[in-house]
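Asker: quick check, what structure comes out for this input:
(chains A and B)
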Amino acid sequence: MGIQTLDISPVGRVEGDLDVRVEIEDGQVVNAWTHAELFRGFEVILRGKDPQAGLIVTPRICGICGGSHLTCASSALDTAWGTEVPRNAILARNLGQIVETIQSIPRYFYGLFAIDLTNKNYRNSRFYEEACRRFAAFTGKSYEIGITISGKPVEIYALLGGQWPHSSYMVPGGVMCAPTLTDITRAWSILEYFRTNWLEPVWLGSSLERYEEIKTYDDFMTWLDENPNHRDSDLGLYWRMGLDIGLDRYGAGVGKYVTWGYLPHEDKYQKPTIAGRNAAMIMKSGVYDSFTDTHTLMDHTFTRENTTHSWYDEGTADVHPFDRTSKPTQKNAKDFNNDYSWSTAVRHQDYGRLEAGPLARQLVAGGKHGESWQHYDGFILDVFKHMGGANIHVRQLARVHEVVKLYRQAERCLREFRLHDPWYIKPKEKDGRGWGATEAARGSLCHWIEIEGGKIKNYQVIAPSTWNIGPRDAEGIRGPIEEALIGTPIYDSTDPVEVGHVARSFDSCLVCTVHAHDAKTGEELARFRTA
Amino acid sequence: MSFLNAEEPTVCDLITDFGIKILWHPSLGMELGANLQKLLWDCISGKIPLDILVFEGTVINAPNGTGEWNRFADRPMKNWLSDLSKVAHFVVAVGDCATWGGIPAIAPNPSESQGLQFLKRQEGGFLGKDFRAKSGLPVINIPGCPAHPDWITQILVAIATGRISDITLDELHRPQTFFNTFTQTGCTRNVHFAYKATTSEFGQRKGCLFYDLGCRGPMTHSSCNRILWNRVSSKTRAGMPCLGCTEPEFPFFDLKPGTVFKTQTVMGVPKELPPGIKKTDYALLTVVAKDAAPAWAEEDIFTV
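Answerer: As a prediction, this is how the structure comes out:
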């Protein structure tokens, strides 16, 4: 049997438009190319603008990670201007970041991913009918609860920033808001509502406290088996069905992982600097190399971008983002031997291509590197090792595992606010270079800014999906999703749901990938038909 | 994503209770690749009736009018749009990108972006000034960055329940029911506006954001303080200046240095005043208001 080439345009349900070409031989993917087909040029637009323009523009790059962009934009200016950020403001920014990510978890799981479990390819699974009852688009019991409840956490964002998405309430020197007691008590009750209406009864079938006792793969198995409520929860059903349909058998990827770390500690980062960042984050930064089983700290100076296979006229050398010029190719012809994407290839100067996302964060959380007070959690690393490396299933587990700890971090912020203390210290504007980073729901996000003569000289963004969706680099090495697609079984090439599974397991956000590029949207929102 | 926050109706209710069938949506649709392309062609050929075409995002024309910088389902997005708009009964533009061109259309507009029937305030846009959908209506513009989810769902419900004839569009094709009032209508800082009491910097518990922090609430048409965001608040209530994102000029002044979160003034007087007021009358009002202001207008009011 020869090689069959399949072009999938678009893959859909990936936050933007992702196009994939795969070559299939004997029912398996043997080669893959991911390409981003949208360019808007936000970096080009930001040149010459007010230094604070990024606070308005960059949250609008993305409809689902706007708070993460705002976190980066404000902290890039903090480091460039040398601001002082009051404790309350650090907590208010963290809380915004946390609730945005909590929002994304059910929205992603039900809205983007679990729908595929109702695909006819899985009709022979013994879990199929139950999956259809729960996860069918719009009508599934859990789909409806999950999508609706996903709007609750960001009500807390709106209490701080006025609205979600697209507020600009985080500014250099702090935040715009000064919440009152009713904002805090209201936020508490929103969290409680989320916990008692979805997180515990629907998602876990368990109390948070019991779930939090899970530290290893074996603990998870014990939890799953000890109570029918655990087994039949959405998490329990998903875990068992995923194994049944083989989601643990493909989607490996590059085997090396990155996180910038996030959530600065409110007492340790009031004078934000780039150099002091790693030691101040609650969730630590790092690179995990699964081939050598080692953890190291991550630093922005290790980042390189390569445009050899991208539609930019910027040569073939690896460059640091501060040295990028963002020159789009006029004629973006699709040529899989040469240029085929608006995304660049991002590399670590020593480790090469890295996967970003919740799996990366959780593998790094299992490392003993960093500060002794920083968050440590070895659960996902243990599952990863038990399963012999990455696959779709562990990538999903890592993502949903985060919801419980983020819930606790949100509670912590609410406890720590000192309502009578300041929220903002007016900074002095000056020229210079800055860098801000965070972890968006879908992975490592950062902004670089260079200010000269009171205006932006250069603004660069590397989004999680730039790491994951990037095309081949100068050495021809495949990007993480391209690599993860290799070996994917395709049962029906007219409905290659498995390609969708792999791509969606990265929860990619194309609108961000094409480099700071787009205001959420992209494209057709929908075609509706009235009955 | 803002759309998914809708409540009364929720997105699920919209489908189950109002019988709106979503043929496809980039984040919600089932089809991918070739199957989606077939669905789109079936709409264009009339095999599948297309009642409402909802478009988000700018129409990208770069490079040189070809639209190749935004290919979707294997052809330039603008070609899909051109074909689909001819068969749709209603065309709805959601968000600033689709209505006026939004942020991507800021100078130098590298992607040659347009809105569906406007570019900034200029009528025309991608579909042209004279475009009418099959229903006879022009593109219904629901601007905002983002558009409020309730503005979107209410318009869809109005269409689904046969009440769209009750909608009056303003000269920018915005439904007046949402865009006749000002952002300031319903703002909790109105009393401070009246007494000219300012929030001089962020993080304060008092004052109006218009005088120093560049708030555009008095000049912007929206219902942000009547139909709250995420059910709980609005930017101006939370202490963030309105950026005027439902108007075609957003982001104002093309984000030139010195214009972000700073009121533009001449000799201490805001350059832009609420619509319709004469400069001399405004000056008079200022003197009287400051004179009449009670002491508490300058004290913290939104206290813990």
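Asker: dump the residue contacts of the one residue in the stretch 251-400 of chain A that gets nearest to chain B.
Answerer: At 4.8 Å from chain B, residue A:330 is the closest residue in the stretch 251-400 of chain A, using C-beta to the nearest C-beta. (Each C-beta comes from the backbone N, C-alpha and C, glycine too.) Counting by C-beta atoms under 8 Å, 6 or more residues apart in numbering or on different chains, residue A:330 touches B:63-64.
Asker: what helix or strand does it sit in?
Answerer: Counting by DSSP states H and E, no helix or strand carries residue A:330.
Asker: same check on residue A:402?
Answerer: helix A:392-416.
Asker: can you list the buried residues in that helix?
Answerer: A:392-407, A:409-414 (16 or more other C-beta atoms under 10 Å in any protein chain shown).
Asker: next SSE downstream of that helix?
Answerer: strand A:432-440.
Asker: that next one and chain B, are they touching?
Answerer: No: using C-beta under 8 Å from any C-beta of the partner chain, strand A:432-440 stays clear of chain B, coming no nearer than 12.9 Å.
Asker: what pairs with that strand, parallel or antiparallel?
Answerer: Next to strand A:432-440 in the sheet, as set by DSSP bridges, lie strand A:443-452 (antiparallel).
Asker: what helices and strands are in contact with the next helix or strand after the strand it pairs with?
Answerer: For strand A:443-452, the following helix or strand on the C-terminal side (DSSP H and E) is strand A:455-462. Applying 3 or more C-beta pairs under 8 Å, 6 or more residues apart in numbering or on different chains; DSSP states H and E, we find strand A:455-462 packed against helix A:42-46, helix A:53-57, strand A:443-452.
Asker: below-threshold pLDDT in the chain: ranges please.
Answerer: If you meant another chain, say so; for now it's chain A. A:1, A:11-17, A:509-531 (pLDDT under 70).
Asker: sorry, I should have been clearer: chain B.
Answerer: B:1.
Asker: outline the domain layout of it.
Answerer: Chain B is divided into the following domains under automatic domain parsing: B:2-177, B:181-299.
Asker: okay, those domains in JSON lines with mean neighbour count next?
Answerer: Formatted as JSON lines, the domains of chain B follow (neighbours: other C-beta atoms under 10 Å in any protein chain shown):
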{"stretch": "domain B:2-177", "mean neighbour count": "21"}
{"stretch": "domain B:181-299", "mean neighbour count": "18"}
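Asker: need these in JSON lines (columns: distance to residue A:190).
Answerer: JSON lines is the format used below for those (distance: least, C-beta to C-beta, whole Å):
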{"stretch": "domain B:2-177", "distance to residue A:190": "13"}
{"stretch": "domain B:181-299", "distance to residue A:190": "9"}
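Asker: tell me, what residue is most central in chain B?
Answerer: By C-alpha atoms, centre = their mean, the mean C-alpha position of chain B lies nearest to residue B:144, the distance being 1.7 Å.
Asker: tell me who's in contact with the nearest residue to that residue once chain neighbours are set aside.
Answerer: Leaving out its chain neighbours, the residue that sits closest to residue B:144 by C-beta to C-beta, 6 or more residues apart in numbering or on different chains is residue B:246, at 4.9 Å. Residues counted as contacts of residue B:246 (C-beta under 8 Å, 6+ apart) are B:96, B:143-144, B:174, B:179, B:183, B:220-222.
Asker: list of residues touching stretch A:406-416?
Answerer: When contacts are defined by C-beta under 8 Å, 6+ apart, stretch A:406-416 is touched by residues A:87, A:91-92, A:94-95, A:98-99, A:101-102, A:153, A:156, A:184, A:187-188, A:191, A:194-195, A:199, A:208, A:263, A:266, A:282.
Asker: the same query, at a cut-off of 10 Å, please.
Answerer: A:87-88, A:90-102, A:105, A:153, A:156, A:179, A:183-185, A:187-188, A:190-192, A:194-195, A:199, A:208, A:212, A:263, A:266-267, A:282-283, A:375, A:402, A:441 (C-beta atoms under 10 Å, 6 or more residues apart in numbering or on different chains).
Asker: among those residues, which ones lie close to chain B?
Answerer: Counting by C-beta under 10 Å from any C-beta of the partner chain, A:88, A:92, A:153, A:156, A:179, A:183-184, A:187, A:190 from the contacts of stretch A:406-416 sit close to chain B.
Asker: for the residues you listed, which one is nearest residue B:255?
Answerer: For these, the residue nearest residue B:255 by C-beta to C-beta is residue A:92; the value is 24.6 Å.
Asker: which SSE is the closest one in?
Answerer: Going by DSSP H and E, residue A:92 is part of helix A:87-106.
Asker: quick check: angle from that helix to helix A:392-416?
Answerer: For helix A:87-106 against helix A:392-416, the angle by axes from the mean of the first three to the mean of the last three C-alpha atoms, to 10 degrees is 150 degrees.
Asker: what's the spacing between helix A:87-106 and its chain's center?
Answerer: Mean C-alpha position of helix A:87-106 versus that of the full chain (C-alpha atoms, centre = their mean, to the nearest Å) differs by 14 Å.
Asker: any part of the helix or strand just after that helix near chain B?
Answerer: Going down the chain from helix A:87-106, the next helix or strand is helix A:128-135, by DSSP H and E. No: judged by C-beta under 10 Å from any C-beta, helix A:128-135 makes no contact with chain B; its nearest approach is 11.9 Å.
Asker: can you name every helix or strand that the helix or strand following helix A:128-135 contacts?
Answerer: On the C-terminal side of helix A:128-135, the nearest following helix or strand under DSSP H and E is helix A:141-149. In terms of contacts (3 or more C-beta pairs under 10 Å, 6 or more residues apart in numbering or on different chains; DSSP states H and E), helix A:141-149 is packed against helix A:87-106, helix A:128-135, helix A:234-244, helix B:11-16.
Asker: so which of those gets nearest residue B:259?
Answerer: The nearest among the helices and strands packed on helix A:141-149, by C-beta to C-beta, is helix A:87-106 at 23.8 Å.
Asker: touching, residue A:442 and residue A:398? I think so.
Answerer: No: here residue A:442 does not reach residue A:398: they are 11.7 Å apart, not a contact under C-beta atoms under 10 Å.
Asker: overlap in contacts, these two.
Answerer: With C-beta under 10 Å, 6+ apart as the test, residue A:442 and residue A:398 both reach A:357-358.
Asker: find the nearest non-adjacent residue to residue 87, please.
Answerer: Since you didn't name a chain, this refers to chain A. Going by C-beta to C-beta, 6+ apart, residue A:87 has residue A:266 as its nearest residue, at 4.5 Å.
Asker: nope, chain B please
Answerer: Leaving aside its sequence neighbours, residue B:87 sits nearest to residue B:50 (C-beta to C-beta, 6+ apart; 5.2 Å).
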